[in-house]
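**Q** Give me the fold of what follows.
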Amino acid sequence: MAQVGGQVTGKRAVRGATLNAESTRFNLSQTEADGDWLDVREEIDGAPPPLRTTVTIERSKTIITRNSSPDIPFDRSINPYRGCEHGCIYCFARPSHAFHDLSPGLDFETKLFAKPDAAALLRAELGERSYVCQPMALGTNTDPYQPIEGKWRITRSIIEVLAECDHPLVITTKSDRVVRDLDLLTPMAEKGLAGVAISVTSLDPRVAMTLEPRAPHPERRLLAVRRLADAGVPVYVNMAPVIPAVTDHEVEAIVARAAEAGARDVSFIPVRLPWEVAPLFRAWLDTHFPDRAGKVMATIQSLRGGKDNDPGFFSRMRGQGPWAELLRTRFAIARRKNGIEQRAARIALRTDLFKPPPGAQGELF
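**A** You can find the predicted model right below:
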């Protein structure tokens, strides 16, 4: 187990979740004190110990994840990491940590898993006779360019294999680290094999540092949009999620800045609060926005059929009711005003160029 990361200093929020409550869906055992003096450190020092990020190596048997969801525009994806140090409080992937007897709260942000064998596994799976090429998605669960990618470089190793095979790729991230791999993405884009979507949820640094405490500054993300666009890589901006009474007033400004930076289109998803995300989000609201917590949750429930979350296909991504319709109208007007409608186009990636990686025998000749 390797130690990475560290404590963020200054006024910037250190972590996203305000608690580490355990999941009860899988009958997880409650953590008990082991009698060590560290168990009472908070009482002695008057402050909790700093949380350090740990990374555990995960030895997977396969690396491509398949899905048949009708409201997702891809059927396969790769997740180089489990957990995410960005610490986004709204992250719908948080509940996945409960499968490992870990909390979707602070554990999700601090106890990470890395898959260093990802590239080798991918090479093997792409080389199977039955493999049929379709666009591969990166960043569908946790961010492939979260801080530990700087050391582990697993995402880059995956892209190297896809580039070698002329395999189409779509990346979703909220990190400007993606421009590090322009040397791979630019040639792929020239062949119609790559597209990138960057998430920008708020332009206000004070809001961003509580929503996404270890994600890059919004201005750095917009600069990454510009650099990708200038390099000829199709780039899109996602305002995902939109949080009522917290970030929704920024819709027009984000669309304008995205257009200025060269984004081909701007999309949005209203905030989703599945399973353990809902209580974590409520606790975050009580801590950071106590003056409007009730209003925020009431609006979210109006979007989700009276509940904290709506898992239904299509409606989960769009929301329902007057507030959702107003949001769609505002985006449509903002896109038209900023000329995005003229340049907008879905990522259409080629699959006919794919060539399987050479097998062990092929590499000998």
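**Q** what kind of secondary structure is the closest residue to P244 other than its chain neighbours in?
**A** Distance criterion Cβ to Cβ, 6 or more residues apart in numbering; nearest residue to P244, sequence neighbours excluded, is T299 at 3.7 Å. Any C-beta I mention is one placed from the backbone N, CA and C, and that applies to glycine too. T299 carries the three-state label helix when classified by DSSP: H, G, I helix; E, B strand; the rest coil.
**Q** Surely T299 is in contact with P322?
**A** No: using Cβ atoms under 8 Å, T299 makes no contact with P322, being 10.2 Å away.
**Q** Those two: which has the busier surroundings?
**A** Under the criterion of other Cβ atoms under 10 Å, the comparison of T299 against P322 puts T299 first, with 21 against 9.
**Q** Okay, that one and E260: tell me how far apart.
**A** 29 Å (Cβ to Cβ, to the nearest Å).
**Q** any idea of the pLDDT on V132?
**A** Note for V132: predicted pLDDT of 97.
**Q** give me the number of residues near it?
**A** 8.
**Q** and the gap between it and D352?
**A** On the measure of Cβ to Cβ, V132 and D352 end up 12 Å apart.
**Q** ok, now Y145?
**A** 29 Å.
**Q** Looking at those two, which one has more neighbours?
**A** Set Y145 next to D352 and count neighbours by other Cβ under 10 Å: Y145 wins out with 29 against 8.
**Q** buried set for stretch 200-212?
**A** V200, T201, S202, L203, D204, V207, A208, M209, T210, L211, E212 (16 or more other Cβ atoms under 10 Å).
**Q** In a markdown table, list those residues along with pLDDT, distance to L169 and secondary structure.
**A** Converted to a markdown table, the buried residues of stretch 200-212 look like this (pLDDT from 0 to 100; distance: Cβ to Cβ, whole Å; DSSP: H, G, I helix; E, B strand; the rest coil):
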| residue | pLDDT | distance to L169 | secondary structure |
| --- | --- | --- | --- |
| V200 | 98 | 21 | coil |
| T201 | 97 | 23 | coil |
| S202 | 98 | 27 | coil |
| L203 | 98 | 28 | coil |
| D204 | 97 | 32 | coil |
| V207 | 96 | 31 | helix |
| A208 | 96 | 27 | helix |
| M209 | 94 | 30 | helix |
| T210 | 95 | 32 | helix |
| L211 | 96 | 27 | helix |
| E212 | 97 | 24 | coil |
